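Chemist: Provided below are the primary sequence and the corresponding predicted coordinates.
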Amino acid sequence: MKKLSVFLSVCCFLMMQSCNENTSSETNKSDTVEESEPDRYLYNIRVNDYDVVVDTVRKGENITMLFLNSGVDIKTCNMLLAQSDSIYNIKHKLKLKPYTRIFRDSTLQYFIYEYSDENYLVYDLADSLPRAYKGQKVVSYQERKAKGTIETSLWNAMVDNGLSPNLAMTLSDVYAWSIDFFGLQKGDYFKVVFVEKYIDSIPVGIEDIKYAVFNHMGQDCYAIPFEQDGFRQYFDQDGKSTRKVFLKAPLKYSRISSYFSHARKHPVLKIVRPHHGVDYAAPTGTPVHTIGDGVVVKKCYSGGAGNMITIRHAHSYTTSYMHLSKFAKGVNVGSRVRQGQVIGYVGSTGLATGPHLDFRVYKNGTPINPLKMISPPTNPVKESDMPAFRAVADSLIQILSSF
């Protein structure tokens, strides 16, 4: 019996040892199993098993050249271009936009050209019969609230608060008639509700300013949207249009390098004489906009003023834009121009130490300080529409005050 007991004990031990080895073996096997790679998609194409090359069209390149350089024969190239004609005419000069090539074993399978921010062309060479089709990225919109306080500039306030600099540009457009963004003060602040546009979950720009308040030098300047006579525009809290006859400035995002003065030392001539304008320093080629509707009465090279344009406006105002590098196409003496229209570009022609715009305003022929000019407003909310406007304004002002 004793021998039998010992024999059984040895058998049990060997069986347990075998089980442990099997378990260990299975564990080791499971440890060596690699996790499968998650699916990766570009333009709705699974690209896990492909080589992807992303590039941008360069000046002088055309689609045929790109196809041939990618190993596509001319017959297939022409067939694909014929198919895409009805979608987008890509045969001629290409925009300098991104394109993607997807290869397998060095053979082109897909060619994608993004001809706009939202739309793209896909040339599919993966099947036996190549084809072309249009694709569209996922576009979405998100309403957001934001606020910030000015320390140095509106641009920096946006960046400091994690906001897109595009919001600064869009907000300045809304307030272009009522706030001088070259004269912002430390402590000025803004609150805004806006709609941001996303393409494939990436923010690409500001779609709309819904409503806002900008406190400048202690005064609240509201932008309340209201539709009147079939047009949506912004009004202040009293129903006065934020749009004025004249813009506050003829440039966007520059700086004032010299102010209106009756006695300024000329930087080139080194003599003291009046400077009846405002100098805006900006890079050569910066667009110059007319501040109001009017008629071009002068366009010429004028000695020390360089290339200049003079525009006659309503209410007995005249404006002059000097030292331009060049004039905008189609702007000639007698041309009617609209507020905000580009009429020329910043330069340093004439007597100038560097690129800038010398901007001057005259009232009945007398020079006035552009920074102190009071612009006449456009039409306010009609009396008959005031109850409806008041309800909208009160509601939106309450929302703005809550954040």
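Modeler: That came through fine. Fair warning: this is a prediction, and the values are worked out from it, not measured in the lab.

Chemist: which other helices and strands contact the helix or strand hosting Val295?
Modeler: For Val295, the enclosing helix or strand under DSSP states H and E is strand 294-301. In terms of contacts (3 or more Cβ pairs under 8 Å, 6 or more residues apart in numbering; DSSP states H and E), strand 294-301 is packed against strand 307-312, strand 317-327, strand 336-337. Heads up, the C-betas are built off the backbone N, CA and C, glycines and all.

Chemist: for Ala132, find the nearest of these.
Modeler: Judged by Cβ to Cβ, the one of those that comes nearest to Ala132 is strand 317-327, at 40.8 Å.

Chemist: name the strands paired with the closest one and say parallel or antiparallel.
Modeler: Applying DSSP bridges to the sheet, strand 317-327 is found paired with strand 307-312 (antiparallel), strand 342-346 (antiparallel), strand 356-363 (antiparallel).

Chemist: buried residues in that strand?
Modeler: Neighbour counts using 16 or more other Cβ atoms under 10 Å place Tyr317, Thr318, Thr319, Ser320, Tyr321, Met322, His323, Leu324, Ser325, Phe327 of strand 317-327 among the buried residues.

Chemist: regarding the protein, what is its longest strand?
Modeler: If you go by DSSP state E, the chain has its longest strand at strand 202-216.

Chemist: please identify the buried residues of it?
Modeler: Within strand 202-216, the residues scored as buried using 16+ other Cβ under 10 Å are Val204, Ile206, Ile209, Lys210, Tyr211, Ala212, Val213, Phe214, Asn215, His216.

Chemist: nearest to Ser36 among those?
Modeler: Distance to Ser36 across the buried residues of strand 202-216 (Cβ to Cβ) is lowest for Val204, with 33.2 Å.

Chemist: residue contacts, that closest one?
Modeler: Listed by Cβ atoms under 8 Å, 6 or more residues apart in numbering, the contact partners of Val204 are Asp117, Lys197, Tyr198.

Chemist: tell me what the very next helix or strand once past the longest strand of the chain is packed against?
Modeler: For strand 202-216, the succeeding helix or strand toward the C-terminus, using DSSP H and E, is strand 219-228. If you count contacts as 3+ Cβ pairs under 8 Å, 6+ apart, strand 219-228 packs onto strand 202-216, strand 231-235, helix 386-401.

Chemist: save those as TSV, and put in distance to Asp160 and mean pLDDT too.
Modeler: Below are these laid out as TSV (distance: least, Cβ to Cβ, whole Å; pLDDT from 0 to 100):
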stretch	distance to Asp160	mean pLDDT
strand 202-216	17	93
strand 231-235	26	90
helix 386-401	20	96
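
Chemist: right, so of these, which gets closest to Tyr259?
Modeler: Within the helices and strands packed on strand 219-228, the stretch nearest Tyr259 is strand 202-216; the backing value is 18.8 Å (Cβ to Cβ).

Chemist: low-confidence stretches in the stretch 51-200 of the chain?
Modeler: Applying pLDDT under 70 to the stretch 51-200 of the chain flags the ranges 92.

Chemist: so is the nearest residue to Ile63 once chain neighbours are set aside in a helix, a strand, or just coil?
Modeler: Nearest non-adjacent residue to Ile63, counting by Cβ to Cβ, 6 or more residues apart in numbering: Ile90, 5.1 Å away. Under DSSP: H, G, I helix; E, B strand; the rest coil, the three-state class of Ile90 is coil.

Chemist: so how far is the first residue of stretch 245-257 from its last?
Modeler: Start and end residues of stretch 245-257 are separated by 25 Å (Cα to Cα, to the nearest Å).

Chemist: now do the buried residues in it.
Modeler: Of all the residues in stretch 245-257, those buried under the rule 16+ other Cβ under 10 Å are Val245, Phe246, Leu247, Lys248, Ala249, Pro250, Leu251, Lys252, Tyr253, Ser254, Ile256, Ser257.

Chemist: correct me, but the fifth one touches Ile179?
Modeler: No. With contacts counted by Cβ atoms under 8 Å, Ala249 stays clear of Ile179, the gap being 10.0 Å.

Chemist: any residues in contact with both of those two?
Modeler: With contacts defined as Cβ under 8 Å, 6+ apart, no residue is shared by Ala249 and Ile179.

Chemist: outline the domain layout of the chain.
Modeler: According to automatic domain parsing, the chain comprises the domains 43-136, 140-235, 255-372.

Chemist: now the end-to-end length of the last one.
Modeler: Distance across domain 255-372, first residue to last, is 17 Å (Cα to Cα).

Chemist: how far off centre is that domain?
Modeler: Relative to the chain's own centre, domain 255-372 is displaced by 27 Å; criterion: Cα atoms, centre = their mean, to the nearest Å.

Chemist: what's the answer for the shortest one, then?
Modeler: Using Cα atoms, centre = their mean, we find the averaged C-alpha position of domain 43-136 to lie 27 Å away from the chain's own average C-alpha position.

Chemist: for Phe194, what are its contacts?
Modeler: If a contact means Cβ under 8 Å, 6+ apart, then Phe194 has Glu143, Arg144, Ala146, Leu167, Thr170, Ile206, Glu207, Asp208, Ile209, Lys210, Ala212 as its contacts.
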